[in-house]
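Next come a sequence and a model predicted from it.
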Amino acid sequence: MRRLLIANRGEIARRVMRTAHALGIETVAVYSQPDAAALHVREATTSVALGGDASADSYLRIDKILAAARFAGADALHPGYGFLSENAEFAQAVEDAGLTWIGPPAEAIRTLGNKSRAKDLAQARGVPCLPGYQGADQSEVRLLAEARDIGFPLMVKAASGGGGRGMRLVTEDSQLRAALQGARSEALSAFGSGELLLEQALSRPRHVEVQVFADMHGNCLHLGERDCSVQRRHQKIIEETPSPAVDASMRQAMGKSAVELARSAGYLGAGTVEFLVDEDGAFYLMEMNTRLQVEHTVTEMVAGLDLVEWQLRVACGERLPFKQSDLRLQGHAIEVRLCAEDEDFVPHTGTVVHFLPPPGIRFDHAICPGLEVSPHYDSMLGKLIVHAPTRAEAISRLATALDRLQILGVPTNRRFLSACLRHPLFGEGLAQIPFLAEHGDAIRRQLQEEEFGVAAEAAFSALLPQGGAPALPSPFTRPLRIRHRDTLFDVPLCEADGVAPGQAQVAVLGAGRWHVQSGAVDLFLDDASFDPPAAAGGADGGAELRAPFNGKVIALHVQPGDEVRKGDPLVTLESMKLEHVLSAQGDGIVDTVEVQAGQQVLPSQVLVTVGAA
């Protein structure tokens with residue numbers, strides 16, 4: 001292997017490059033138009049433009065990627081994760097082009113990358129599975145009948161892909177039809193396939209997955225488990241190993257099942273078998289990801305291995321240099337996913353204007369000042385990973401690292417992640433998949449209360465010239481008005497001892513940083529934005545549905561004259577590879593629809609107006 005093309009972007013492209021360069025392998029980056037100045041492009045040996053903005057015009061174009069490989073003289077290709085990494089046709093096309101494919105054979109991807117076929121194989125091999133339906137008849141009539149036969153609660157899942165896309169929890173019959181339609185639409189958009197499967201849902205499961213690795217010589221083993229139970233929108237945000245819910249005997253049983261599934265499909269390289277674990281400790285197959293996982297880092301830390309290195313070596317025909325009995329997993333590792341989103345999980349775009357990583361920990365990212373966070377790709381910016389002798393020490397070190405991370409220009413979930421790590425239930429190892437559904441609101445309230453405790457002072461300070469003070473009439477009769485999380489507050493200004501008449505006392509917070517953009521102050525201290533007084537006020541907007549983020553209109557559910565009830569869907573937006581249904585905030589009649597399907601919209605743009613009934 002002389003020159004490796006990485007068919008991906010961002011932090012995973014940089015991660016693969018780091019290992020390839022250490023092994024003396026040259027690298028080729030590919031990039032879309034928004035990524036022209038990205039770090040992965042700058043750090044590669046050479047780079048090739050794919051053109052286009054959206055994934056469908058760049059990172060999902062097999063023809064463009066293979067043309068880039070030919071142009072750059074690559075002899076191998078690593079797909080990273082996401083995009084085309086689990087596309088069997090892509091894997092086959094890479095091999096047909098004479099390149100070394102860093103991943104399992106195309107046939108193994110066809111079998112295991114499809115949840116329905118993987119479940120068929122697992123059942124044939126005695127791997128525990130939940131009751132469900134994964135048949136070829138995908139008509140709505142058949143799916144409705146099968147769902148009612150399985151009973152509620154149940155999960156509707158996209159058969160292809162992963163990342164929580166195309167998944168819906170259904171707790172009652174009235175939700176079923178909409179769940180099927182929504183899951184199919186999202187699956188088609190994300191994976192190009194609307195195939196669905198149905199499965200009995202567990203009420204309080206944990207998500208525990210097993211890392212497997214196989215070579216061309218018949219060796220297949222597992223590298224322990226990862227607990228990924230803290231999730232939002234069916235997507236992981238905290239991952240750790242070992243799982244606090246898994247003992248030695250359970251680890252052996254899960255590992256045996258995972259290896260059996262991989263071996264029976266003729267697997268090669270790195271893969272992950274994911275399980276749901278019920279409250280009694282029974283485990284059931286969920287799916288297999290036929291690629292490297294985002295959270296592979298925690299396994300690397302406890303195993304002392306570079307999994308990307310062994311992907312490359314195994315693809316070149318080398319044997320795994322160790323057996324199952326040789327593995328020693330030491331200490332505890334935790335990873336959190338830093339995302340460009342607020343604590344309500346709403347994605348945000350913007351420009352990073354200041355970035356200072358925390359010292360002393362592993363941070364896989366592609367962040368730099370000037371980075372444009374685009375609506376075209378996933379919201380994840382990077383991953384912070386800590387390895388320590390004990391779980392308690394790992395939690396403490398990671399929470400402290402999040403406190404010290406500085407990023408300005410785009411909201412992130414930094415403080416939310418830190419609060420989750422410090423939550424008593426997580427600390428006790430008791431967090432299950434419903435953790436955020438049950439405790440997320442309390443965490444948000446806590447963060448917002450802490451934030452507003454410094455908001456007025458910090459916002460006013462940021463709006464002044466450094467060290468200056470405003471000349472205001474005395475006594476002060478007009479309050480400072482700030483907008484904090486869409487709520488307007490009047491903050492009275494008071495004269496203080498030692499301050500000249502007509503001057504306001506303002507303390508500039510030494511620990512804070514801020515940046516003024518688009519008429520608002522972006523404050524690092526609490527990841528908040530504050531409107532200056534001149535921008536406050538305006539129309540009530542209660543009857544206007546505005547875009548909460550930069551996105552694309554996927555569907556319009558109403559037209560002028562329609563009567564709507566509170567909670568009725570009005571518009572579906574797609575941003576950062578996820579669909580978001582925006583609903584009516586009250587009863588009324590639709591006055592106007594200001595957008596059309598396929599239109600790209602900006603934050604705060606009016607989408608629909610609703611008048612009184």
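Yes, it's here. Numbering: from 1, shown residues only.

Can you tell me how far residue 131 is from residue 433?
Separation of residue 131 from residue 433 (Cβ to Cβ, to the nearest Å) stands at 19 Å. Heads up, the C-betas are built off the backbone N, CA and C, glycines and all.

neighbour-wise, which of these two wins?
Comparing residue 131 with residue 433 by other Cβ atoms under 10 Å, the one with more neighbours is residue 433, at 20 against 12.

shouldn't the more buried one be in contact with residue 203?
No - assessed by Cβ atoms under 8 Å, residue 433 is found out of contact with residue 203, at 9.5 Å.

tell me the contacts of residue 427?
Residues near residue 427 by Cβ atoms under 8 Å, 6 or more residues apart in numbering: 392, 395, 421.

Stretch 574-582 - what's its average pLDDT?
What stretch 574-582 shows for mean pLDDT is 81.

What are the buried residues along that stretch?
Neighbour-count burial for stretch 574-582, counted by 16 or more other Cβ atoms under 10 Å, picks out 574-580, 582.

Out of those residues, which comes closest to residue 135?
Comparing the buried residues of stretch 574-582 against residue 135 with Cβ to Cβ places residue 579 closest, at 25.5 Å.

Please list the residues outside the host helix or strand of that closest one that contact it.
Assigned by DSSP states H and E, residue 579 belongs to strand 578-583. Residues from elsewhere that reach strand 578-583, judged by Cβ under 8 Å, 6+ apart: 165, 182, 185-186, 189, 233, 346-347, 545, 547-548, 551, 554, 566-574, 607.

What's the ChimeraX syntax to select whichever of those are buried?
Buried members of these, defined by 16+ other Cβ under 10 Å, are picked up in ChimeraX with:
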select :165,182,185,186,189,347,545,547,548,551,554,568,569,570,571,572,573,574,607
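
In strands, which of the contacts of strand 578-583 appear?
545, 551, 554, 569-574, 607 (DSSP state E).

Between those, which sits nearest residue 317?
Using Cβ to Cβ, those come closest to residue 317 at residue 574, 41.9 Å.

got any ranges where this structure has weak pLDDT?
Low-confidence segments of the chain, defined by pLDDT under 70, are located at 163, 452-542.

Repeat the analysis, applying 80 as the threshold.
When residues are selected by pLDDT under 80, those of the chain lie in 161-164, 189-192, 449-542, 576-579, 613.

And residue 339, how far from residue 395?
Distance from residue 339 to residue 395, by Cβ to Cβ: 20 Å.

scratch that, residue 8 is what I was asking about
With the distance defined as Cβ to Cβ, residue 8 ends up 30 Å from residue 395.

Residue 554 now?
Residue 554 sits 39 Å away from residue 395, going by Cβ to Cβ.

And residue 592, by the same measure?
Distance of residue 592 to residue 395, computed by Cβ to Cβ: 50 Å.

Give me the more crowded residue out of the two.
For residue 592 versus residue 395, the count of surrounding residues by other Cβ under 10 Å is larger for residue 395: 20 against 14.

Leaving out chain neighbours, which residue sits closest to that one?
Counting by Cβ to Cβ, 6 or more residues apart in numbering, residue 421 is the residue found nearest to residue 395 once chain neighbours are left out, at 5.3 Å.

Next, count neighbours for that neighbour.
By other Cβ under 10 Å, the burial measure for residue 421, its neighbour count, is 23.

residue contacts, residue 569?
557, 581-583.

any idea which helix or strand carries residue 284?
strand 283-289.

scratch that, residue 118 is what I was asking about
Using DSSP H and E, residue 118 falls in helix 115-124.

got it, and residue 64?
helix 62-72.

quick one: strands adjacent to the helix or strand just after that helix?
With elements assigned by DSSP H and E, the helix or strand that comes after helix 62-72 is strand 76-78. In the sheet, strand 76-78 lines up against strand 3-6 (parallel), strand 100-101 (parallel) (DSSP bridges).

Just say which of those is most tucked in.
Stretch with highest mean neighbour count among the strands paired with strand 76-78: strand 3-6 (a mean of 25; mean count of other Cβ atoms under 10 Å).

domain parsing for this protein?
Split into domains by automatic domain parsing, the chain comes to 3-102, 131-200, 334-426, 446-535, 544-611.

Output the ones you listed in CSV; the columns should cover distance to residue 115.
As requested, the domains of the chain are exported to CSV (distance: least, Cβ to Cβ, whole Å):
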stretch, distance to residue 115
domain 3-102, 11
domain 131-200, 5
domain 334-426, 20
domain 446-535, 36
domain 544-611, 19
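
Which of those sits closest to residue 251?
Residue 251 sits nearest to domain 334-426 of all those, at 15.6 Å, using Cβ to Cβ.

The closest one spans what distance, first to last residue?
Its start and end residues considered, domain 334-426 measures 12 Å (Cα to Cα, to the nearest Å).

now do stretch 368-386
Length of stretch 368-386, first residue to last, Cα to Cα: 21 Å.

try stretch 349-365
First-to-last distance for stretch 349-365 - Cα to Cα - comes to 17 Å.

Can you list the buried residues in it?
349-350, 352-353, 355, 357-358, 361-365.

Tell me the one among those nearest to residue 40.
For these, the closest approach to residue 40 (Cβ to Cβ) belongs to residue 365, at 10.9 Å.

I figured the closest one was touching residue 385, is that so?
No - assessed by Cβ under 8 Å, residue 365 is found out of contact with residue 385, at 10.8 Å.

which ones are touching the residue most central in space within the chain?
Geometric centre of the chain, nearest residue: residue 380, 5.0 Å, by Cα atoms, centre = their mean. The neighbourhood of residue 380, defined by Cβ under 8 Å, 6+ apart, consists of 10-11, 294, 337-340.

immediately after the helix or strand harbouring residue 249, which helix or strand?
Per DSSP H and E: residue 249 is located in helix 248-264. Following helix 248-264 in sequence order, the next helix or strand is strand 269-277 (DSSP H and E).

Please report phi then psi for the nearest residue to residue 391 once chain neighbours are set aside.
Excluding the flanking residues, the one nearest residue 391 by Cβ to Cβ, 6+ apart is residue 332, at 4.4 Å. Backbone torsions of residue 332, given as degrees, to the nearest 10, read phi -130, psi 140.

same thing with residue 306?
Dihedral angles of residue 306 (phi, psi; degrees, to the nearest 10) stand at phi -110, psi 100.

Help me confirm that residue 240 is found in a strand?
Yes - Residue 240 forms part of a strand when assessed by DSSP: H, G, I helix; E, B strand; the rest coil.

Reformat the strands paired with strand 76-78 into a markdown table and put distance to residue 309 next to each item.
Below are the strands paired with strand 76-78 laid out as a markdown table (distance: least, Cβ to Cβ, whole Å):
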| stretch | distance to residue 309 |
| --- | --- |
| strand 3-6 | 12 |
| strand 100-101 | 15 |
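
Residue 72 is nearest to which of these?
strand 3-6 (6.4 Å).

could you say what helices and strands the helix or strand just after the closest one packs with?
Next in sequence after strand 3-6, counting helices and strands by DSSP H and E, comes helix 10-22. For helix 10-22, the packing partners by 3 or more Cβ pairs under 8 Å, 6 or more residues apart in numbering; DSSP states H and E come out as strand 3-6, strand 26-31, helix 39-43, helix 307-315, strand 362-365, strand 380-388.

contact partners of helix 10-22?
Helix 10-22 is contacted from outside by 4, 6, 8, 26-27, 29, 38-40, 43-44, 78, 80-82, 292, 294, 306, 308-309, 312, 364-366, 377, 380-383, using Cβ under 8 Å, 6+ apart.

go with 6 Å
4, 6, 27, 40, 43, 78, 80-81, 306, 308-309, 364-366, 382 (Cβ atoms under 6 Å, 6 or more residues apart in numbering).

Among the residues you listed, which one sits closest to residue 194?
The closest of these to residue 194 turns out to be residue 81 (Cβ to Cβ; 22.1 Å).

How about the contacts made by the nearest residue to the closest one once chain neighbours are set aside?
Sequence neighbours aside, residue 291 is the residue nearest to residue 81 in space, at 5.1 Å (criterion: Cβ to Cβ, 6+ apart). Taking Cβ under 6 Å, 6+ apart as the criterion, residue 291 is in contact with 81, 85-86.
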